[in-house]
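A.B. asks: need a 3D model of the sequence below.
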Amino acid sequence: MSMQIHPQLQAVLNQPFWNNTGMDYAVAIAIFLSSIILLLLLKKYIITRLQKLAKKTKTEIDDMVIDFFQGIRWQFYAFIGLYIAIMTLTLPPVVGTIMKWMLVIAVGYYAAVAAAKVVDCIVSRRAEAAKRENVADDASAILIIGKLAKVGIFILAFLLILSNLGVNINSLIAGLGIGGIAVAFALQSILEDLFSSFSIYFDKPFKPGDFIIVGSDTGVVRHIGLKTTRLQTLQGQELVISNKELTSSRINNFKKMEERRVVFAIGVEYSTSSAKLKSIPQIIRDIIKEIKGTRLDRVHFKAFGDFSLNFEVVYYVLDSDYIKYMDIQQDINLKIRERFEKARIVMAFPTQTIHLAK
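C.D. replies: Reported below is the predicted structural model:
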């Protein structure tokens, strides 16, 4: 049984309009609607499959893909359906050109969004790891680097879109280069500090909590910013140093010191007998061996001083903590004083003997 079409409807379907019949437009509309429905169903199917897969895996990649597909708006699918439908019609070339331009823009935008999602995933994982290690400044630096990377991605996507639209981007890039040079000269000191902060982050010569010496300044690192680093000095005040100065200076980082080498001297009177002089190194060896967290290097009768017989002691404190070192040195000093008193060894102090000739 053949389907009968009303004569008036048949006339409309056969009526040419802009080089296409009514039937062509009807088919295009059907393709448009069916394309939208199919694409939305495909989106739902992909998301459902990925969600089931995400429950079985611990990786964040599937979650990132799900987030990307959920972020694609229905207008994009409508445009794809419209593009497919229009391609079936005979329209002026300008319409096809405009649709291709819009397709390039849409695809370029969502490609940049997908790349930005990847950057967000990497940055969030690194930032969370830094926070777990209680390095908040590292987390801040990672987030800033991520934002700069995303800006770079969208700028690159913009240039690629212009290139695919037939725009000569060489002159545009040259113009941006000249403008960038002018901006770089105007912001030279700020950019130097900015890149120095990246150098500090990647090279890690120090981190918050480290005790450092920069030139004549000493202090504990409290914050590493994009332009400056803040130290808390031993006197208690905050010292702000530019990152450029830090990266161009020699830095002593005592927090990275695994053990501390200590050298000190002891002087006894010239009247001390040779037997007592020979016993002094053993006395000091015994004292240092008794103290935990130390390792003796050497004890020697070093020199004849102006008013004393000088011994040099070298030992190691097996810890970088300054307070612990001072506690150990105090303990050594008190025990040396105690043992010398028992052995009747007298420590020297500055004296002068004047001989008068008659």
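A.B. asks: quick one: T59 is in a helix?
C.D. replies: No. Applying DSSP: H, G, I helix; E, B strand; the rest coil, one finds T59 to be coil, outside a helix.
A.B. asks: okay, the closest residue to L33 other than its chain neighbours and R73: tell me how far apart.
C.D. replies: Excluding the flanking residues, the one nearest L33 by C-beta to C-beta, 6 or more residues apart in numbering is G81, at 7.2 Å. For every residue, glycine as well, the C-beta is placed using N, CA and C. Computed as C-beta to C-beta, to the nearest Å, the G81 to R73 distance reads 13 Å.
A.B. asks: and if you look at L160?
C.D. replies: 22 Å.
A.B. asks: what about G81 and R73, which has more around it?
C.D. replies: G81 (20 against 10; other C-beta atoms under 10 Å).
A.B. asks: now do the contacts for the more buried one.
C.D. replies: By C-beta atoms under 8 Å, 6 or more residues apart in numbering, G81 lies in contact with 31-36, 39.
A.B. asks: drop anything exposed from these.
C.D. replies: 31-32, 35-36, 39 (16 or more other C-beta atoms under 10 Å).
A.B. asks: quick check: R339 touching I287?
C.D. replies: Yes. In this structure R339 lies within contact range of I287 using C-beta atoms under 8 Å: 6.7 Å.
A.B. asks: ranges for the strands of this structure?
C.D. replies: 16-17, 20-21, 211-214, 217-224, 228-232, 238-242, 251-253, 260-268, 294-304, 309-317 (DSSP state E).
A.B. asks: quick one: the third one to chain centroid distance?
C.D. replies: If you compare the mean C-alpha spot of strand 211-214 with that of the full chain, they lie 21 Å apart, counting by C-alpha atoms, centre = their mean, to the nearest Å.
A.B. asks: next one: the first one
C.D. replies: Taking C-alpha atoms, centre = their mean, the mean C-alpha location of strand 16-17 is offset from the chain mean by 63 Å.
A.B. asks: strand partners of that strand, parallel vs antiparallel please.
C.D. replies: Under the criterion DSSP bridges, strand 16-17 sits next to strand 20-21 (antiparallel) in its sheet.
A.B. asks: mean confidence for the partner strand?
C.D. replies: Average pLDDT, strand 20-21: 79.
A.B. asks: stretch 242-253 too?
C.D. replies: 87.
A.B. asks: just the C-alpha atoms of it, please, in PDB.
C.D. replies: Extracted C-alpha coordinates of stretch 242-253, given in PDB (Å, rounded to 0.1, in the frame of the first residue of the first chain):
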ATOM      1  CA  SER A 242      64.200  39.600  46.700                       C
ATOM      2  CA  ASN A 243      64.300  36.200  44.900                       C
ATOM      3  CA  LYS A 244      66.800  37.600  42.400                       C
ATOM      4  CA  GLU A 245      69.200  38.400  45.200                       C
ATOM      5  CA  LEU A 246      68.900  35.000  46.700                       C
ATOM      6  CA  THR A 247      69.600  33.100  43.400                       C
ATOM      7  CA  SER A 248      72.600  35.300  42.700                       C
ATOM      8  CA  SER A 249      74.100  34.900  46.300                       C
ATOM      9  CA  ARG A 250      76.000  32.200  48.100                       C
ATOM     10  CA  ILE A 251      73.700  30.500  50.600                       C
ATOM     11  CA  ASN A 252      74.600  28.500  53.600                       C
ATOM     12  CA  ASN A 253      71.800  26.100  54.400                       C
END
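A.B. asks: ok, and the closest non-adjacent residue to D24?
C.D. replies: L89 (5.9 Å).
A.B. asks: contacting residues for the most centrally placed residue in the chain?
C.D. replies: Closest residue to the average C-alpha location of the chain: I142 at 4.0 Å, with C-alpha atoms, centre = their mean. Going by C-beta under 8 Å, 6+ apart, I142 touches 123, 126-127, 130.
A.B. asks: where does confidence bottom out across these?
C.D. replies: A130 (72).
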